[in-house]
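Q: Following is a predicted model, sequence given first.
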Amino acid sequence: MAAPPIDLLQGSLDVIVLKTLSWQPMHGFGIARWIQQLSDDALPIEEGTLYPALYRLENRGFVKAEWRITENKRRAKYYRLTAAGRRQLTEHTERWEAFASVMSRILRTATQPA
């Protein structure tokens, strides 16, 4: 059963896209499909959200794009992670893990505020 859709926190799409591209170069549809599948449809990624993120990451030098032919014999822009993108992914991952740890601690506490 698919999880209900989740709103993306600001900045989370960039790290998700970087993680997706850490496996292999992909075109936009492939990126969106992978995220949707991995999240059990909880994170449906719309084109109007994904492509601005890809352009932003490309402008910052975190991804590089090139035109290729897909497995369906169509022309598509493929994105790959750069060395700077790998460093950014590591930094983002560390920040997200720290944030998730703090949020978990706060949400699990049984102590009342003073």
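A: Perfect, thanks for sending it.

Q: make it CA atoms for all contacts and neighbour counts henceforth
A: Will do.

Q: Return the set of buried residues in whichever strand or helix holds T93.
A: According to DSSP states H and E, T93 maps onto helix 83-108. Buried residues in helix 83-108, counted by 16 or more other Cα atoms under 10 Å: 85-86, 88-89, 92.

Q: so what secondary structure elements neighbour it?
A: Counting by 3 or more Cα pairs under 8 Å, 6 or more residues apart in numbering; DSSP states H and E, the packing neighbours recorded for helix 83-108 are helix 12-21.

Q: could you give the mean pLDDT of stretch 33-51?
A: Here stretch 33-51 scores 92 as its mean pLDDT.

Q: and what of stretch 107-114?
A: 87.

Q: Give me the distance between that stretch and the centre of its chain.
A: Counting by Cα atoms, centre = their mean, to the nearest Å, stretch 107-114 is centred 32 Å from the centre of its parent chain.

Q: What of stretch 30-46?
A: 9 Å.

Q: distance between the ends of it?
A: 12 Å (Cα to Cα, to the nearest Å).

Q: Go through it and flag the buried ones.
A: Applying 16+ other Cα under 10 Å to stretch 30-46 flags 31-32, 34-36, 39, 41-45 as buried.

Q: In these, find the pair that's most separated.
A: Distances among the buried residues of stretch 30-46 were taken as Cα to Cα; the most separated pair is I31 and A42, at 14.7 Å.

Q: Now the residue nearest the centre of the chain: closest residue in space that isn't a chain neighbour?
A: Most central in the chain under Cα atoms, centre = their mean is I16, positioned 1.5 Å from the mean C-alpha point. Of all residues not flanking I16 in the chain, I35 sits nearest, at 7.7 Å (Cα to Cα, 6 or more residues apart in numbering).

Q: Thanks a lot, catch you later.
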